[in-house]
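In: sequence? don't have it. structure:
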């Protein structure tokens, strides 16, 4: 049996970033069921950091993370488009950007089409362009977390599927497919499987819900260089579209289909919806889908991350429910998780920004 001070279940960005923060102060082992870290949601994320995502606390986490994220990103504009019926939603989003001091400009349809030349007039009556959004390198972020973890003496164990969890006295024991592990603190960063891990440990689930998100990839028309096109997103139901290199495009209908925890795959119906929405709003004709995939984004019932000690289960710490903001909130949420794991004070800048341990505590959900 291998022992540590802290055992983290889950090697996605949530688990790895928290482990990297904890490792300088404790012996940490991260156990990941798959053959490589970041296999599920973290390995399938488009990961474009912007403020048109999440509720206010999630946006606060994003704002506090942007400086750190810049080391793993390129600045790329975001264009939030609204139809004539969606201007109120665009007004609200503009207010959000003003609150965070973003380099933002409200523009009309002609200016939006100048930035995104394939937009149809009916799809955009007005828009908001944000010049400081970030296109994240998710592989670099995961690698940096793993490197920091190992440099501090921590361990990442892959191919270790958890088969049983029990608390004996003050020690948590995890049985896995590659051996047994034990530590007084167990961090549940299992993503779509977070509730299942909790139940395995005899702890009530919180209602963490996996939702499938589908992405398609296709070639830009002709020899067109689309690399400078903005990340383009509807303010309401619709789609997002962004360049992939010089000649490729990625798109999603922003689907959120409830799913059981699984190795998610894109379904033909969702692929067709994504392509259709792009074609309805743009002059692009998608003749062939180069690639498609899906990942599970996991949400708590109130769509806030869950970070903190479980009630009545000393040493069991939740770190789950990051939704679609896992990468863009990771630097700050990892500091919050590290404080919960180590029994340290809540980060001062987070408290000054209006956040609190109660904001993310499982107690708010009865856990």
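Out: Everything's here; your move. In this text, all values refer to a predicted model and were calculated from it rather than measured experimentally.
In: Show me which helix runs longest in this protein.
Out: In the chain, assigned by DSSP state H, the helix with the most residues is helix 326-342.
In: Name the residues of that one that come out as buried.
Out: Using 16 or more other Cβ atoms under 10 Å as the test for burial, helix 326-342 gives 326-341. (Each C-beta comes from the backbone N, C-alpha and C, glycine too.)
In: Helix or strand next in line after that helix, which one?
Out: helix 348-352 (DSSP states H and E).
In: if we look at that following helix, which residues are touching it?
Out: 60, 64, 332, 335, 336, 356 (Cβ atoms under 8 Å, 6 or more residues apart in numbering).
In: hmm, back to that, quick one: which two of the buried residues of helix 326-342 are the most distant?
Out: Greatest spacing in these, by Cβ to Cβ: 328 and 341 (21.6 Å).
In: okay, residue 222: pLDDT?
Out: Model confidence at residue 222, expressed as pLDDT, equals 86.
In: Just the element for it, please.
Out: Secondary structure (DSSP H and E) places residue 222 outside all helices and strands.
In: number of nearby residues for it?
Out: 6 (other Cβ atoms under 10 Å).
In: quick one, phi psi at it?
Out: With angles defined as degrees, to the nearest 10, residue 222 sits at phi 60, psi -140.
In: Please enumerate the helices of this protein.
Out: 13-22, 56-69, 87-99, 109-115, 138-151, 194-200, 268-281, 326-342, 348-352, 357-360.
In: Tell me which of the ones you listed lies nearest to residue 239.
Out: Nearest of the helices of the chain to residue 239, taken as Cβ to Cβ: helix 268-281 at 4.1 Å.
In: now for that closest one, which elements pack on it?
Out: Under the contact criterion of 3 or more Cβ pairs under 8 Å, 6 or more residues apart in numbering; DSSP states H and E, helix 268-281 touches strand 209-219, strand 248-252.
In: strands paired with the shortest one, and their directions?
Out: What it means is strand 248-252. Here strand 248-252 has these sheet partners by DSSP bridges: strand 209-219 (antiparallel), strand 240-244 (antiparallel).
In: closest to residue 294 out of those strands?
Out: So among these, strand 209-219 is nearest, using Cβ to Cβ, at 4.7 Å.
In: mean confidence score for that closest one?
Out: In the prediction, strand 209-219 has an average pLDDT of 98.
In: What residues sit buried inside that strand?
Out: Quick answer for strand 209-219 (16+ other Cβ under 10 Å): 209, 210, 211, 212, 213, 214, 215, 216, 218, 219.
In: Next one: the last one from residue 281, what distance?
Out: The reference is to residue 219. Note on residue 219: its distance to residue 281, by Cβ to Cβ, to the nearest Å, is 18 Å.
In: what's across from the residue lying closest to residue 112 once chain neighbours are set aside in the sheet?
Out: Setting aside the residues directly before and after it, residue 112 is nearest to residue 127 in space (Cβ to Cβ, 6 or more residues apart in numbering), at 4.0 Å. Residue 127 forms beta bridges with residue 81, residue 107, as assigned by DSSP bridges.
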